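Asks: Okay, sequence plus prediction incoming.
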Amino acid sequence: MASLSCLEGLRRLANVNRSVESSEKLIQEEGSEALSDAERKALRRDGWAAAQLAAQAFLREWMQAHPGEALPESIFVACQEAVNRQLPHLFSGREGGELLSFVRYAHKDLLRVEDPPKRLRSTADWESIFPRYPTLDDGYLKSFEACDSQGIRQALDKYGFCVVKVLSRQECEASIVAMFEEINLLRAQKGIEGPAVDVDDPSTWFDKNWPSSCKFLVDDVALHKQAFANRRSQRIYQAFCGIWREEQLHVSVDKWGVSRGAIDRPRWRVGLKPHWDVNPWQCVRDWDAGIDPGYQGVVALRDQDLETGCHLTLPGCTNFLRQWCLERRFEKVSNSSKSFRASEEDPILQYMQPVPLRQGEMVIWSCAQLHGSTHNLSGKMRLAQYIRMFPAPKVGGTANYDEKDNFSCTRVLRRALKKGQLSWSDLEDLQLDPLGRQLLGVDLLHED
Ligand SMILES: O=C(O)CCC(=O)C(=O)O
Ligand SMILES: [Fe+2]
């Protein structure tokens, strides 16, 4: 519901006052011998409902006068006092703390059904909230060397994301060969007949020729040796060490990213609508608990641009997210850590920026970024690998990213070993050095 019109607000307040008055009168009679237990209980329940409406009317009025502001503690206290004055019998004998938590509950309940008023902003205001990440003359974005920790951190602080040079051309080409080796091996295991899927031959890209029926074409995480080699990339590690200011990191074991050139097949357009992988309210809860919500990353195995489809983000979103929450009602998902898709009417969508990447570059973004991807409108594939790193549990403080993250190395490897998708000898074949063992949490797997 949009914010209430003045008239509607007044009408509501009048109704509230009437119901508060009648509830208070009835509660005074609660002691009366004439009432049955059930009647007394119903009376109390109505009294609390009236108190809730009275508290919400008070809070709504304050919020309308202060759009986009967090409710200060003094307003909760003032609200509690006002309701207490209106319904002294309901509250008699109760602790102040109890009434204060009642008022907080009423506030939360209000935000479940009503959008709080939004602050009015000009285009110039929005543009300074969402500053454009620097673009170069060739249309690609400014990218950092993996060792430039300061540059990477400053870009993350300002824009919520950054582009880093991570893989060589050879590593990317070897990754593409590996990706299609793995895809074709899965086809063979599933008994799929037809030509091998060829990255450059659109006649082999038809739906039934893939080992997965999902629109993103791969069901499972990438388990090819080259996928693991990329997860141990020195440059990716260096970039994340700088971001976290920590060397004891774990890596995600996530998927390849494939999207087909959809120039002749609109059905193959699989760009993702703007969303947060972890909903905004959970990010704010993490910050309040002193926890960094973490980062996600995509490595481009070939050039990606608006033709092939590329990443899309809202520069500066991370810095705005707390304020965004103050100006939005609580959605159902806000009590979980699930993903959340932005409403198509949200004015912030207009400020999103595409992130074209050169082969071997990686975009790293904070989980607090609103992001998505653009459709592949070309005749070529968009090819990527999803990789992120986060502190290992022994240094993660109160945040256990191995548990929080569905694609953490220890969670995924345990599952893959159990399901027989991977064996201990496959892990040995990777010939991991001490850093590789640490990144993949291999010694923790042995503890099971
Ligand atoms: O591929 C991309 O650029 C974004 C992917 C993404 O947002 C996701 O998988 O949740
Ligand atoms: Fe996402």
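Replies: Happy to help now that I have it. Ligands and ions are numbered 1, 2, ... in the order given.

Asks: In the helix or strand Val412 falls within, which residues are buried?
Replies: Counting by DSSP states H and E, the element that carries Val412 is helix 409-419. Residues of helix 409-419 classed as buried by neighbour count (16 or more other C-beta atoms under 10 Å): Cys409, Thr410, Arg411, Val412, Leu413, Arg414, Ala416, Leu417. Glycine gets a C-beta too; all of them are placed from N, C-alpha and C.

Asks: And Gln369, how close does it get to Phe216?
Replies: Distance of Gln369 to Phe216, computed by C-beta to C-beta, to the nearest Å: 20 Å.

Asks: Neighbour count: these two, which is higher?
Replies: More crowded of Gln369 and Phe216, by other C-beta atoms under 10 Å: Gln369, with 25 against 14.

Asks: Confirm for me that Gln282 is in contact with Pro293.
Replies: Yes - counting by C-beta atoms under 8 Å, Gln282 does reach Pro293; the two are 7.3 Å apart.

Asks: Only alpha carbons, please: show whatever helix or strand Leu435 lives in as CSV.
Replies: Following DSSP H and E, one finds Leu435 within helix 434-440. C-alpha atoms of helix 434-440 as CSV (Å, rounded to 0.1, in the frame of the first residue of the first chain):
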residue,chain,number,x,y,z
PRO,A,434,49.5,-26.6,1.0
LEU,A,435,47.6,-23.5,-0.2
GLY,A,436,45.3,-25.6,-2.4
ARG,A,437,44.6,-27.9,0.5
GLN,A,438,43.8,-24.9,2.7
LEU,A,439,41.6,-23.2,0.1
LEU,A,440,39.5,-26.4,-0.4
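
Asks: helices and strands around that helix, which ones?
Replies: helix 225-231, strand 249-251, helix 409-419 (3 or more C-beta pairs under 8 Å, 6 or more residues apart in numbering; DSSP states H and E).

Asks: can you put those in TSV and add mean pLDDT and distance to Cys317?
Replies: Converted to TSV, the helices and strands packed on helix 434-440 look like this (pLDDT from 0 to 100; distance: least, C-beta to C-beta, whole Å):
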stretch	mean pLDDT	distance to Cys317
helix 225-231	98	27
strand 249-251	98	24
helix 409-419	96	27
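
Asks: what's the closest of these to Gly396?
Replies: Judged by C-beta to C-beta, the one of these that comes nearest to Gly396 is strand 249-251, at 8.8 Å.

Asks: Could you spell out the sheet neighbours of that closest one, each with its direction?
Replies: Strand pairing for strand 249-251, using DSSP bridges, gives strand 389-391 (antiparallel).

Asks: Check the offset of the strand it pairs with from the chain's centre.
Replies: Put simply, strand 389-391 sits 16 Å off its chain's centre (C-alpha atoms, centre = their mean, to the nearest Å).

Asks: And stretch 383-395, by the same measure?
Replies: On the basis of C-alpha atoms, centre = their mean, stretch 383-395 sits 15 Å off its chain's mean C-alpha point.

Asks: can you map out the strands along the protein?
Replies: Here the chain has its strands, by DSSP state E, at 144-145, 161-165, 249-251, 256-259, 275-276, 295-300, 311-313, 340-341, 353-355, 361-366, 371-373, 382-386, 389-391.
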